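>>> Here is a sequence with its predicted model. Questions after.
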Amino acid sequence: MKTASWLQRRKRSQDASVPGTTIPIQIAPRIIFRLMYKKDEIGTLEFNNESWTFIYSDWFKNQSDIQ
């Protein structure tokens, strides 16, 4: 997924509305979301510049109550 590229194109189109201005484009930082069930972590969803990754936690992999 090329999310960073989409963000760059979006930022350029916004900047183009003000003639003669140049605003540097910044890449999104590393972002992590934790998916929780009550107090237990099911996994993490991470965005790192251009791609998303989901990793299940060891707790979730070793339990049998939730599919």
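Sure, I can see it.
>>> Quick check: K61 is in a helix.
Yes: checked against DSSP: H, G, I helix; E, B strand; the rest coil, K61 lies within a helix.
>>> Other residues contacting the longest strand along the chain?
Counting by DSSP state E, the longest strand found in the chain is strand 40-48. If you take CB atoms under 8 Å, 6 or more residues apart in numbering as the criterion, strand 40-48 is touched by 3, 28, 30-36, 52-57, 59-60, 63, 66. From N, CA and C alone the C-beta is placed, and that goes for glycine too.
>>> So which bits of it are buried?
Neighbour counts using 16 or more other CB atoms under 10 Å place 42-43, 47 of strand 40-48 among the buried residues.
>>> returning to what we had before: just the buried ones among the contacts of strand 40-48, please.
Using 16+ other CB under 10 Å, the buried ones in the contacts of strand 40-48 are S57.
>>> Could I get the contacting residues of F33?
By CB under 8 Å, 6+ apart, F33 lies in contact with 44-46.
>>> Geometrically speaking, which residue is the centre of the chain?
Nearest to the geometric centre of the chain sits F47, at 3.1 Å (CA atoms, centre = their mean).
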